[in-house]
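# Just need the structure, nothing else, for what follows:
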Amino acid sequence: MPEKSIRVRATASVANVSCGFDCIGYAIAEPSDDLTIETQEKPGIEIVMSGIKADSIPTAAENNTAGKAILSFLNTVDSQQGFKIKIKKGIPPGSGIGSSAASAAAALVGVNELLGNPFNLNDLLIHGMAGEAVASGSFHADNIAPALLGGMILIRSYDPLDILQLPIPDNLFSTAILPDFTVNTKDARRMLPKRVPLKSAVEQAGNLAGFTLGLHEADFDLLGRSMVDLFAEPVRAELIPGYHIVQQAAMDTGAIGCGISGSGPALFALSDSEEISRKVGIAMVESFRKNGLNSIAYPSPIHRKPPEILD
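Got it, this is the predicted structure:
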């Protein structure tokens, strides 16, 4: 069989969205990972890394999120097909904006295409979660689901897996802020409390319901009131220098709400216009600078598309 190749781009994502720990995430337009996937005569998966902080990412397939996702895929279809995966990282690992999920999503879409599309995007999700477990130590879908499917995703249940697309108001914009700082995902998960008070659980459930209704009704005031995290933010905020000051800068500039993206250190804010999303980004970058950290702002609409096949 002649060797074939494909190039796929997958974008970053914001997870948790304050009130939706491990169950809400959305895709953003940039940054992104670019993967070139080639079939090989010999079985096995060869991974070559380049791009931002690529030297910190394992290249053994079992220990790489893209590699592990492909191994899970191949095991399901009982295939011995070999692949060479060239991963060009545009999303730094340990950033909190779905670096591992983007690589896994792009890899799965590419391999699926090269093998004649045996699966639809929803079918690929479980293999993406297997890849994510390499990075985080647990099966979760709030980055891989938006990376694969696009849009704003609610994971209603993990057993059985039940993934829902949430409506996105036309004038809802995101700003992701990436400081030059790394948080290890596994370490950030270990910080989380094993138990939460009933009062906090009830309040968080109310916030999640309010956020979901706010999207359906395009009620930005309700969205803002609901964007409170009682589970992860109280402990993870301590990992990010100047977190509360940067968060306040976003709110003072007109953001609907602002919180930690995934495990951090990235922050995110939601706004009701493109102009405000850009201004929020400028204010947050400046606030981080005053706290001794360089950062990059990525203002964009919610990205509604799955990974893009480039050629």
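# ok, now which ones touch Leu293?
Pro179, Asp180, Phe181, Pro241, Gly242 (Cβ atoms under 8 Å, 6 or more residues apart in numbering). Backbone N, C-alpha and C define where each C-beta goes, glycine included.
# wait, the first one sits on Ser295?
Yes: using Cβ atoms under 8 Å, Pro179 is in contact with Ser295, at 4.1 Å.
# can you pull the buried residues of the host helix or strand of Ala135?
Assigned by DSSP states H and E, Ala135 belongs to helix 121-136. By 16 or more other Cβ atoms under 10 Å, the buried positions in helix 121-136 come out as 121, 124-136.
# Check which helices and strands it sits against.
Other helices and strands packing on helix 121-136, by 3 or more Cβ pairs under 8 Å, 6 or more residues apart in numbering; DSSP states H and E, are helix 65-77, helix 99-114, helix 144-149, strand 161-166, helix 185-190.
# at 10 Å what do you get?
helix 65-77, helix 99-114, helix 144-149, strand 152-158, strand 161-166, helix 185-190 (3 or more Cβ pairs under 10 Å, 6 or more residues apart in numbering; DSSP states H and E).
# coming back round to it: anything in contact with each of Pro179 and Ser295?
Common neighbours of Pro179 and Ser295, using Cβ atoms under 10 Å, 6 or more residues apart in numbering, are Val246, Pro265, Ala266, Leu267, Met284, Val285, Phe288, Arg289.
# Tabulate those residues (JSON lines), appending distance to Gly110, pLDDT and neighbour count.
Formatted as JSON lines, the shared contacts of Pro179 and Ser295 follow (distance: Cβ to Cβ, whole Å; pLDDT from 0 to 100; neighbours: other Cβ atoms under 10 Å):
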{"residue": "Val246", "distance to Gly110": "36", "pLDDT": "98", "neighbour count": "26"}
{"residue": "Pro265", "distance to Gly110": "29", "pLDDT": "95", "neighbour count": "27"}
{"residue": "Ala266", "distance to Gly110": "26", "pLDDT": "96", "neighbour count": "29"}
{"residue": "Leu267", "distance to Gly110": "31", "pLDDT": "98", "neighbour count": "27"}
{"residue": "Met284", "distance to Gly110": "34", "pLDDT": "98", "neighbour count": "28"}
{"residue": "Val285", "distance to Gly110": "34", "pLDDT": "98", "neighbour count": "20"}
{"residue": "Phe288", "distance to Gly110": "35", "pLDDT": "97", "neighbour count": "28"}
{"residue": "Arg289", "distance to Gly110": "38", "pLDDT": "97", "neighbour count": "14"}
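# Tell me which of the residues you listed fall in strands.
Per DSSP state E, strands hold the following members of these: Leu267.
# so which of the shared contacts of Pro179 and Ser295 comes closest to Asp229?
Among the shared contacts of Pro179 and Ser295, Leu267 lies closest to Asp229 (Cβ to Cβ), at 12.1 Å.
# what sits opposite the closest one in the beta ladder?
Ile177, Ile260 (DSSP bridges).
# hmm, back to that, strand 161-166 and the helix holding Ala135, what's the angle between them?
110 degrees (axes from the mean of the first three to the mean of the last three Cα atoms, to 10 degrees).
# Can you name the residues that contact Val109?
By Cβ under 10 Å, 6+ apart, the neighbours of Val109 are 6, 8-10, 35, 37, 117, 119, 121, 124, 128, 147-148, 306-309.
# what's the most distant pair in the contacts of Leu293?
It's Asp180 and Gly242 that sit farthest apart of the contacts of Leu293, by Cβ to Cβ, at 12.9 Å.
# who's more crowded, the two?
The neighbour count for Asp180 versus Gly242, taken as other Cβ atoms under 10 Å, is higher for Gly242 (17 against 12).
# How much space separates that one from Gln80?
51 Å (Cβ to Cβ, to the nearest Å).
# Just want the angle from the helix or strand hosting Leu213 to strand 161-166.
Assigned by DSSP H and E, Leu213 belongs to helix 198-217. Using the same axes, to 10 degrees, the direction of helix 198-217 lies 50 degrees away from that of strand 161-166.
# Centre of the chain to helix 198-217, how far?
Relative to its chain's centre, helix 198-217 lies at 21 Å (Cα atoms, centre = their mean, to the nearest Å).
# Mind listing what's buried along that helix?
Gln204, Asn207, Leu208, Gly210, Phe211, Thr212, Gly214, Leu215.
# Just the closest of these to Asn64, please.
Leu208 (32.5 Å).
# For the closest one, list the residues it contacts.
Val17, Ser18, Cys19, Gly20, Phe21, Cys23, Ile24, Leu154, Ser226.
# Please narrow those residues to those residing in strands.
Using DSSP E, the contacts of Leu208 in strands are Ile24, Leu154.
# mind listing what Glu30 touches?
Thr11, Ala12, Gly90, Ile91, Ile97, Ala176, Ile296, Tyr298, Pro299, Ser300, His303.
# what about the nearest residue in space to the last one that is not next to it in sequence, distance to Gly254?
Going back to what we said before, that points to His303. Among residues not flanking His303 along the chain, Ala27 sits closest, at 4.0 Å (Cβ to Cβ, 6 or more residues apart in numbering). Ala27 sits 23 Å away from Gly254, going by Cβ to Cβ.
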